[in-house]
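Peer 1: fold the following for me, if possible:
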Amino acid sequence: MLPRTPIPTDAREALELLEPHVEAAGGELRTAQAQAVLEDAFDERTAARLLTVLSRRGYIYTVHDRVRVT
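Peer 2: The predicted model follows:
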């Protein structure tokens with residue numbers, strides 16, 4: 001198995017914020033909900049950027065407006 005692509009510290013923090021919410025919601029959140037979770041800790045623009053970073057590096061994926069943690 002290949003090692004995961006490293007992510008910046010703020011993206012790691014975002015992932016740690018998202019994971020319990022995703023788990024509590026049965027494994028997925030609507031994209032807007034994930035954005036709102038991150039906006040509790042980051043501004044709107046940063047939250048959107050972090051979702052993109054996590055997605056591009058394979059830590060989350062979005063299908064049909066649902067975010068899942070890999």
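Peer 1: SS state for Pro6?
Peer 2: With DSSP: H, G, I helix; E, B strand; the rest coil as the basis, the three-state label of Pro6 is coil.
Peer 1: any idea how far Ala24 is from Glu44?
Peer 2: Separation of Ala24 from Glu44 (C-beta to C-beta, to the nearest Å) stands at 23 Å. C-beta: built from backbone N, CA, C; applies to glycine.
Peer 1: Glu13 too?
Peer 2: As for Glu13, its distance to Glu44 is 16 Å (criterion: C-beta to C-beta).
Peer 1: so where's the protein uncertain?
Peer 2: Low-confidence segments of the chain (pLDDT under 70): 1-2.
Peer 1: in it, which spans are strands?
Peer 2: Ranges of strands in the chain, per DSSP state E, are 29-30, 60-63, 66-69.
Peer 1: partner strands of the shortest one, parallel or antiparallel?
Peer 2: Strand pairing for strand 29-30, using DSSP bridges, gives strand 66-69 (antiparallel).
Peer 1: give me the contact list for the strand it pairs with.
Peer 2: Residues outside strand 66-69 that contact it (C-beta atoms under 8 Å, 6 or more residues apart in numbering): 15, 18-19, 22-23, 27-31, 33-34, 51, 59-62.
Peer 1: can you select the buried ones from the residues you listed in PyMOL?
Peer 2: Remark: buried members of these, expressed as a PyMOL selection using 16 or more other C-beta atoms under 10 Å:
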select buried, resi 15+18+22+28+29+33+34+51+59+60+62
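Peer 1: show only the entries of the contacts of strand 66-69 found in helices.
Peer 2: Applying DSSP state H to the contacts of strand 66-69, the entries found in helices are 15, 18-19, 22-23, 31, 33-34, 51.
Peer 1: make TSV from those residues and add distance to Thr70 to it.
Peer 2: Converted to TSV, the ones in helices among the contacts of strand 66-69 look like this (distance: C-beta to C-beta, whole Å):
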residue	distance to Thr70
Leu15	10
Leu18	12
Glu19	11
Val22	11
Glu23	13
Thr31	16
Gln33	18
Ala34	14
Leu51	14
